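>>> here is my input; please provide its structure:
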Amino acid sequence: MAFLFMQETARFLAVSDPGRLRLRAATATTITVVLAMVVLLPGSNAIGQPLTVALLGTVVAMQSSAAVKDRDQHSRVVTTLLLVFPAIAAVSMSAVLSQFGKVADVGFIAVLFAAVWVRRYGPRGTALGMVAFICYFFALFLRAQLGQIPILTVSIVVGVGISLLVRTVILPDRPGLELKRLVRALRAASIDVLEVASNRGDRNLDLLRKKLDRLGSTALMIDDWLDRNDAAQLLSVTNDDLSVRIFDAQIATEQLVSALWALDPNKLWPNSLGQATTALGSCLQNNPSDDQLRAARRLAAAAADKSDPSTPAGIATAVAMRAVQAHIAIHHITSNALRTESEPRKKPDEGEETDTGWNPSTKAAIQVAVATSAATILGELISPDRWYWAVLTAFLVFTGASTRGEILSRAGHRVVGTIAGVLAGVVLSALVGNNQPLQLLLLVVCVFFAFYLVTVAYALLSFFVTVMLAMLYGLLGTFSIEVLELRIYETAAGGIVGIAAAYFIFSTGTRSTLISKIDDYLDQMTAIIDTGIGAVVQPGHETDLVADIRKLDNTLKDLVTAGKPLEMGPTTRTRRGAKRLLRIMTVSNRSSHALARAGVSASRGEPDSGPSQETAKALGQAADVTKATIADVKRALAGEHVEPPEKLTETSAPDVMLQSTTTPGPVRSAVRSLSTLNRTMGEALTRV
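Here you go, the predicted model:
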């Protein structure tokens, strides 16, 4: 029982945090903070410096660990070293300008403008800007004096050095272990979604879709790993080969889920299907032996031979066999792959940016400058001593957000998280009292959970940061309920100002952004239809369908992110419409996956194994009908009147496929995918 519980817990953690990436990032930041305190607190005390000196170095160490997000280790090391310069400059600027009263406020706004403006230079620019901002802010918060600049500089250098030590020595990048964990997460996600699809007693379609989305996001994370690493150096296979194998496993699992879900829940499965799914279950274990894998392959093949391919259960059995083959291939690649020639994976061409006006980072910087200026005035009206909390909120609601809806959502999350954090902070402070070791322990715990949960919900980040500040105020001897109450008021004021700036300065509509993302997504889908059908009609030629489908997945990810704020819209109709549209796009993505897999399968075949001329013509007609439906969806979303289609399939392709006994498998898969895709797009037209 205990073993099963541990196994289920491990699977849950693998699925909820694929590759343990969030856990690793939070652990690295927490270790960095602990080491910084261990070094800086006794050090500053030994030389007679106040606690604030050690706290600044600790904050710099924490930010150095969290903000640096370059794609490779060398770039991350370089960026970490460069952080010293903006950090020292910001602290020095704050200490100097503080001598001139309100001039320091103007300097803060200038730093915030620059911190956003440099985001145009990618992850490095973003990290440098964030560290400059946080150092200026904490210099104000800790009331840094002009004479403290030398010792604060030393504290900053020590903080960055500790962050670099953790990044390169204590917790260095281990790409092989990261990939191993990501592959385990893919298997765990596959088990999860298959369990839901196999549950005939509780047919929960929403849960099934959620599990399928998680499977897709895990596969995308593996593809992201491939963008950052050369698989040939670790596994002796090319990045492209591993990408194809992951794609095969994902698509086969998705198709099996679809086939199982289509079965009559009131009928028992035939023995052959049960054997095939049992074989797949063996392959989805993390450390099966070679004998177990061979036995699973034989069992799945025998089950497929005994099944009737003309029945839904027979189709599911055949798909289960393909899933077994795909997951066995991944086991072989990640354990004892054979040596192949390899070249580093080429990064996709980004093309030259067209000049369509001001750079988005410039617009965002102006928005931030205006918002923080207004927040400064409003914040000082609330509290002349704590005004910077309003400025901080006005700045942070723009971080990672670009549309009005996203900014409104972040502001709401921040206010809710802050209120909850104040309540928790008051209770914990009353319980802890002046116990400094316990205050430090709670501070460290808050750091861990803040960074572990930051991508789960922004409100959780605000909650733990507020509790952390309560502990920090306790360490500084300035804790009071009134101070935390002021934080709520200042946070609300900053959120309101940030929302106003988003709505009235370079306003970017949430719906218009979503429509633009959907257009990009549908354009990529149309390209996949052309490439996939071309590969099926003329097999035996190389294709970039796997890379294309990953572009489609990333485009869908951007689309869903853009549409999330609309799911919390002001009216029920808005919320339902947004959820329905996002669901349709997500479902259509799986049909595109199946079509791409048909194209990939055909590309591996012989050049003379293509369909007959009549079938090829019908297949082309089916593709044209589907593309026309996609074009109608784009027109409808643009505001044009489009009549919903009376018939969602108007070609003879399905008839040709069913009548012919010699139609190649990829052709059959392509027809089914086009038919499903066309119906899905047609559903979008019924209520756009």
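
>>> low-confidence ranges in the stretch 151-300 of the chain?
Across the stretch 151-300 of the chain, the ranges flagged by pLDDT under 70 are 236.

>>> which element is I31 on?
helix 21-46 (DSSP states H and E).

>>> what sits against the residue nearest to K69 when sequence neighbours are not counted?
Sequence neighbours aside, P123 is the residue nearest to K69 in space, at 4.7 Å (criterion: Cβ to Cβ, 6 or more residues apart in numbering). In this view, the C-beta of every residue, glycine as well, is placed from N, C-alpha and C. By Cβ atoms under 8 Å, 6 or more residues apart in numbering, the contact list for P123 reads V68, K69, D70, R71, S75, T79.

>>> can I get the residues you listed in a markdown table with distance to G495?
What follows is the contacts of P123, written out as a markdown table (distance: Cβ to Cβ, whole Å):
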| residue | distance to G495 |
| --- | --- |
| V68 | 28 |
| K69 | 25 |
| D70 | 31 |
| R71 | 33 |
| S75 | 34 |
| T79 | 30 |
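
>>> least trustworthy position among the residues you listed, going by pLDDT?
Least confident by pLDDT among the contacts of P123: that is R71, with 79.

>>> does that one sit in a helix, a strand or a coil?
Applying DSSP: H, G, I helix; E, B strand; the rest coil to R71 yields a three-state assignment of coil.

>>> wait, doesn't it sit right on D227?
Yes: using Cβ atoms under 8 Å, R71 is in contact with D227, at 7.0 Å.

>>> and the residue nearest to P611 when sequence neighbours are not counted, how close does it get to I533?
Leaving out its chain neighbours, the residue that sits closest to P611 by Cβ to Cβ, 6+ apart is V667, at 4.8 Å. For V667, the distance to I533 equals 10 Å [Cβ to Cβ, to the nearest Å].

>>> can you list residues touching both of the two?
L619.

>>> thinking again about what came up before, contacting residues around the residue nearest to P611?
Contacts of V667 by Cβ under 8 Å, 6+ apart are V536, A598, P611, T615, L619, M657.

>>> quick one: average pLDDT of whichever strand or helix holds A115?
Secondary structure from DSSP H and E places A115 in helix 103-117. In this model, helix 103-117 has a mean pLDDT of 88.

>>> before we move on, what about stretch 391-402?
Stretch 391-402 comes out at a mean pLDDT of 75.

>>> repeat that for stretch 555-563.
Rounded mean pLDDT across stretch 555-563 is 86.

>>> gap between that stretch and the chain center?
For stretch 555-563, the separation from the chain centroid amounts to 10 Å (computed by Cα atoms, centre = their mean, to the nearest Å).

>>> stretch 419-426 too?
On Cα atoms, centre = their mean, the centre of stretch 419-426 falls 29 Å from that of its chain.

>>> what does it contact?
Here stretch 419-426 makes contact (Cβ under 8 Å, 6+ apart) with 459, 462-467, 469-471, 481, 484-485, 487-488.

>>> next, work out how far apart F504 and Q524 are.
With Cβ to Cβ as the criterion, F504 and Q524 are 34 Å apart.

>>> neighbour-wise, which of those two wins?
Taking other Cβ atoms under 10 Å, F504 and Q524 do not tie; Q524 has more neighbours (19 against 11).

>>> could you find the closest non-adjacent residue to the more buried one?
L552 (4.8 Å).

>>> quick check: which element contains that neighbour?
Going by DSSP H and E, L552 is part of helix 545-563.

>>> elements contacting that helix?
Using 3 or more Cβ pairs under 8 Å, 6 or more residues apart in numbering; DSSP states H and E, the elements in contact with helix 545-563 are helix 205-228, helix 239-262, helix 510-537, helix 572-603.

>>> of those helices, which is nearest V169?
helix 205-228 (20.2 Å; Cβ to Cβ).

>>> neighbours of P42, just the number please.
Under the criterion other Cβ under 10 Å, the count of neighbours that P42 has is 11.

>>> show me which residues of the particular helix or strand that has T491 in it are buried.
Using DSSP H and E, T491 maps to helix 481-504. When burial is assessed from 16 or more other Cβ atoms under 10 Å, helix 481-504 yields the following buried residues: 483-484, 486-499, 501-502.

>>> now that helix - C-alpha only, PDB.
The C-alpha trace of helix 481-504 is given here as PDB (Å, rounded to 0.1, in the frame of the first residue of the first chain):
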ATOM      1  CA  ILE A 481      -0.400  45.900  11.400                       C
ATOM      2  CA  GLU A 482      -0.700  49.400  10.200                       C
ATOM      3  CA  VAL A 483       2.300  49.000   7.800                       C
ATOM      4  CA  LEU A 484       0.700  45.900   6.300                       C
ATOM      5  CA  GLU A 485      -2.600  47.600   6.000                       C
ATOM      6  CA  LEU A 486      -0.900  50.400   4.100                       C
ATOM      7  CA  ARG A 487       0.500  47.700   1.700                       C
ATOM      8  CA  ILE A 488      -3.100  46.700   0.800                       C
ATOM      9  CA  TYR A 489      -4.100  50.300   0.100                       C
ATOM     10  CA  GLU A 490      -0.900  51.100  -1.800                       C
ATOM     11  CA  THR A 491      -1.200  47.800  -3.800                       C
ATOM     12  CA  ALA A 492      -4.800  48.600  -4.700                       C
ATOM     13  CA  ALA A 493      -3.900  52.100  -5.800                       C
ATOM     14  CA  GLY A 494      -1.000  50.800  -7.900                       C
ATOM     15  CA  GLY A 495      -3.300  48.300  -9.500                       C
ATOM     16  CA  ILE A 496      -5.900  50.900 -10.400                       C
ATOM     17  CA  VAL A 497      -3.300  53.200 -11.900                       C
ATOM     18  CA  GLY A 498      -1.800  50.300 -13.900                       C
ATOM     19  CA  ILE A 499      -5.200  49.300 -15.300                       C
ATOM     20  CA  ALA A 500      -5.900  52.900 -16.200                       C
ATOM     21  CA  ALA A 501      -2.600  53.200 -18.000                       C
ATOM     22  CA  ALA A 502      -3.300  50.000 -19.900                       C
ATOM     23  CA  TYR A 503      -6.700  51.200 -21.000                       C
ATOM     24  CA  PHE A 504      -5.800  54.800 -22.100                       C
END
